[in-house]
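Undergrad: Got a predicted model here, sequence first, then my questions.
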Amino acid sequence: MELTAIVRAAFEAAFPGGDFSAVRVVGATDSKFGDFQCNDALKCAKLYHLNPRQAAEKVAAKLDRTCFEKVDIAGPGFLNLTVSASWITERLLRLSAADHVGIPQKGRGKKIVIDYSSPNAAKQMHIGHIRSTVIGNAIDRIFRALGYEVVADNHLGDWGTQFGILIKGYRELLTEAERAHLTVALLEKCYVLSAAKAKEEDGVWKEACRAELVKLQQGDEGNLALWRKFIEISIAEFDRMYAKLGVKFDTYRGESYYNGTMGEVVAELQQAGLAEESEGALVVNLEQEKLGVAIVRKSDGGYNYTTSDLACVKNRIEEYDPERIIYVTDARQQLHFRQWFSIARKMGCKTQLIHVPFGLMSYQGKAISTREGNLIKLDELLAEAVKRSLAIVESRQDPAADKSGNLRLAEQIGYGAVKYSDLSHDPATDIDFSWDKALALEGNSGPYLQYAYARVCSLMEKAGRVDGMGLTGTFEIVTAQERRLALQLLEFPGAVVRAAEAYKPSVLAEYLFQTAQLYSSFYQNSPILKSDEPLRNARLNLCALFGEVLRTGLELLGIETPRHI
RNA sequence: GGGAUUGUAGCUCAACUGGACAGAGCGACGGUUUCCUAAACCGUAGGUUCCGGGUUCGAUUCCCGGCAGUCCCA
């Protein structure tokens, strides 16, 4: 940041009157060129009809050299910057002392809503739900860390035709014992059986299901009570999964929450002259924007997702007045979101509406669905993760050691592995699920990062810094490895900001992995506890700062950091 | 048919939004524990960045035209 300002000032001095707000200083592509580089003299050369090296030289001549040990012009006109060791140590001290490990509180006073996970009631969560839950939760945590006030809302699929099928099935296909001890698994079974019967030729069952649905929609007390029971059981089951994944919501407002306000939204659309009749349905024509036609009221009078999302956004704006609302859903819904975002804007919505789409998860090349029979339960995946981690924990352990903490540790590692394997990819990519990929415990994996953290904790304990990572004395940069690690650590706040701006936790995951690699290499090749003072203390400080960065970063990804592995 | 999105090493992915010789992990091969935790570290091999044009001093990145996968709409 500061370096960018210095370099910008040099541009302004060299070319008075120009706009250099886009000038950026970035990390050097190769450490042999220096620590940082600026490539913007090349662009500026064109504007001023200079040859690029001359432009770079003009800038270099005006550059305030106090932080720099060396300034070179290389290649076609790159400005290569080598900072002084004292600049690095001063920045390290400042970062160590900063609140929030230097993460800028740019969201202070701003409110946002994040809508993620959103499973369907009466069904168990499966591997297809991981992405929205884990990516959404990481975005949630990252924005909170930036100082935003975040409302995390779980927009459950808790309304619709499936409840007619469920109610009918519940009454006639479950035994009394099953009804007394109802679980989501039973609801799911009852749904499958009832839906199968609804396909029978005579159509009697199907009609009965429809009748139950209509009764529910019209407020029949018995059916409403059953519906509430199904929702309650479902949420309890979801919460069991969320507890394992470290996910917490502020509200659970499902689709049903907006039932009463959809008519109002449609009326507003009509008043604004946005909606028109078409074949009995009410639609909003978005052909001009190449978004097709969005139905807001079906020909049978029912509403659909577009209406319900519009009602929902209206409610959120009235209740929270957020700066933006972020929706984390799979990429198939892109058209739908573009459509209703456009309608919302036409209706005067000023709140930023952001869709964060993520790629589809498949299994062995096939879409995940009940029909394909490849629907791996989230519970099953997490159990397997714990099992594999536990086996490794035990194999690494002294047979005589206390085993009481093993299960908890295996959970932290296993869940960390599952979450990291998803978070470390750009959300946009499709993922073909495989057990081995989802549960990777080595290399670029959650446990690699957790392990690096455990080792740094152990180092601190051996050094007598039991109370966390407390800094004492100063930093000192001696080797090239220390220098690279130090510069990398200084970039932490920037990595958090970049991850937030792109809505990609993967940016942070990538940063943490690179940082841990630099640390591991440094740790392996440089004596720390065995160094002489004052180098020993300086190195411990660097390790301490690494520990803080890693712990904070993993927390933002929702990955736990055990101190002993 | 219209649109979205993806295509990078054998496999899974990066590349800070146009920069220097395209980097990691896994897998393969070889090495490192009397030494701070070997879930680690070090090294070797592995590339026509899907293909063809264009813009640019400079393209994995931007534009045009194809091809292929996935998805949405009709």
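TA: Ah, there it is.

Undergrad: ok, longest helix in chain A?
TA: Using DSSP state H, we find that the single longest helix of chain A is helix A:221-245.

Undergrad: So which elements touch that one?
TA: helix A:130-145, helix A:162-173, helix A:184-197, helix A:204-217, helix A:378-396, helix A:406-423 (3 or more CB pairs under 8 Å, 6 or more residues apart in numbering; DSSP states H and E). (C-beta placed from N, C-alpha, C; glycine too.)

Undergrad: Helix A:162-173 and that helix, what's the angle between them?
TA: Between helix A:221-245 and helix A:162-173, the angle comes out at 100 degrees (axes from the mean of the first three to the mean of the last three CA atoms, to 10 degrees).

Undergrad: looking at the helices and strands packed on helix A:221-245, which is buried most?
TA: Of all the helices and strands packed on helix A:221-245, helix A:130-145 carries the top mean neighbour count, a mean of 24, counting by mean count of other CB atoms under 10 Å.

Undergrad: Kindly format the C-alpha coordinates of it as PDB.
TA: Written as PDB, here are the backbone C-alpha positions of helix A:130-145 (Å, rounded to 0.1, in the frame of the first residue of the first chain):
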ATOM      1  CA  ILE A 130     -20.900 -28.900   0.800                       C
ATOM      2  CA  ARG A 131     -20.000 -26.200  -1.700                       C
ATOM      3  CA  SER A 132     -22.700 -23.600  -0.800                       C
ATOM      4  CA  THR A 133     -22.300 -24.300   2.900                       C
ATOM      5  CA  VAL A 134     -18.500 -24.200   3.000                       C
ATOM      6  CA  ILE A 135     -17.900 -21.400   0.500                       C
ATOM      7  CA  GLY A 136     -20.700 -19.300   1.800                       C
ATOM      8  CA  ASN A 137     -19.500 -19.700   5.400                       C
ATOM      9  CA  ALA A 138     -15.900 -18.700   4.400                       C
ATOM     10  CA  ILE A 139     -17.200 -15.600   2.600                       C
ATOM     11  CA  ASP A 140     -19.400 -14.900   5.700                       C
ATOM     12  CA  ARG A 141     -16.300 -15.100   8.000                       C
ATOM     13  CA  ILE A 142     -14.100 -13.100   5.700                       C
ATOM     14  CA  PHE A 143     -16.600 -10.200   5.500                       C
ATOM     15  CA  ARG A 144     -17.000 -10.300   9.300                       C
ATOM     16  CA  ALA A 145     -13.200 -10.100   9.600                       C
END
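
Undergrad: relative to helix A:406-423, how tilted is that helix?
TA: 90 degrees.

Undergrad: now helix A:130-145, how far from the chain's geometric center?
TA: 3 Å (CA atoms, centre = their mean, to the nearest Å).

Undergrad: do it and RNA strand B meet at all?
TA: No: Helix A:130-145 stays clear of RNA strand B (CB under 7 Å from any atom of the strand), getting no nearer than 11.9 Å.

Undergrad: For burial, what's the neighbour tally of the residue nearest to A:P76 when sequence neighbours are not counted?
TA: Leaving out its chain neighbours, the residue that sits closest to A:P76 by CB to CB, 6 or more residues apart in numbering is A:P52, at 5.2 Å. When neighbours are counted by other CB atoms under 10 Å, A:P52 registers 19.

Undergrad: Contact partners for A:P52?
TA: A:41-42, A:45, A:76-77 (CB atoms under 8 Å, 6 or more residues apart in numbering).

Undergrad: Next, it: phi, psi?
TA: phi -60, psi -40 (degrees, to the nearest 10).

Undergrad: Now do it against RNA strand B, distance only.
TA: 6 Å (CB to the nearest atom of the strand, to the nearest Å).

Undergrad: And the pLDDT for that residue?
TA: On pLDDT, A:P52 comes in at 87.

Undergrad: ok so, going back, export the helices and strands packed on helix A:221-245 to CSV and tack on mean pLDDT?
TA: Formatted as CSV, the helices and strands packed on helix A:221-245 follow (pLDDT from 0 to 100):
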stretch, mean pLDDT
helix A:130-145, 97
helix A:162-173, 96
helix A:184-197, 94
helix A:204-217, 96
helix A:378-396, 95
helix A:406-423, 97
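
Undergrad: count of residues packed around A:K58?
TA: Using other CB under 10 Å, the number of residues around A:K58 comes to 19.

Undergrad: Can you pull out the low-pLDDT segments for chain A?
TA: Scanning chain A with the threshold set as pLDDT under 70 gives A:1, A:371-372, A:467-469.

Undergrad: What about RNA strand B: which of the contacts of A:P52 touch it?
TA: For RNA strand B, the contacts drawn from the contacts of A:P52 by CB under 7 Å from any atom of the strand are A:42, A:76.

Undergrad: Which member of the contacts of A:P52 is positioned nearest A:M125?
TA: Using CB to CB, A:L42 comes nearest to A:M125 of these, at 51.1 Å.

Undergrad: Only C-alpha atoms, please: export the helix or strand harbouring that closest one in PDB.
TA: Per DSSP states H and E, A:L42 falls inside helix A:40-47. C-alpha atoms of helix A:40-47 as PDB (Å, rounded to 0.1, in the frame of the first residue of the first chain):
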ATOM      1  CA  ASP A  40       3.100   0.700 -15.300                       C
ATOM      2  CA  ALA A  41       5.900   2.800 -16.800                       C
ATOM      3  CA  LEU A  42       5.400   0.700 -20.000                       C
ATOM      4  CA  LYS A  43       1.800   1.800 -20.300                       C
ATOM      5  CA  CYS A  44       2.700   5.400 -19.500                       C
ATOM      6  CA  ALA A  45       5.400   5.400 -22.200                       C
ATOM      7  CA  LYS A  46       2.700   5.000 -24.800                       C
ATOM      8  CA  LEU A  47       0.700   8.000 -23.500                       C
END
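
Undergrad: Show me what that helix is packed up against.
TA: helix A:2-14, helix A:52-62, strand A:78-83.

Undergrad: Go again with 6 Å.
TA: helix A:52-62 (3 or more CB pairs under 6 Å, 6 or more residues apart in numbering; DSSP states H and E).

Undergrad: Now do the helix it packs on and helix A:40-47, the angle between them.
TA: For helix A:52-62 against helix A:40-47, the angle by the same axes, to 10 degrees is 120 degrees.

Undergrad: Tell me the buried residues in helix A:52-62?
TA: Within helix A:52-62, the residues scored as buried using 16 or more other CB atoms under 10 Å are A:52-53, A:55-60.

Undergrad: any chance of those residues in JSON lines, plus distance to A:F341?
TA: Shown next, in JSON lines, are these (distance: CB to CB, whole Å):
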{"residue": "A:P52", "distance to A:F341": "42"}
{"residue": "A:R53", "distance to A:F341": "47"}
{"residue": "A:A55", "distance to A:F341": "42"}
{"residue": "A:A56", "distance to A:F341": "44"}
{"residue": "A:E57", "distance to A:F341": "48"}
{"residue": "A:K58", "distance to A:F341": "46"}
{"residue": "A:V59", "distance to A:F341": "42"}
{"residue": "A:A60", "distance to A:F341": "47"}
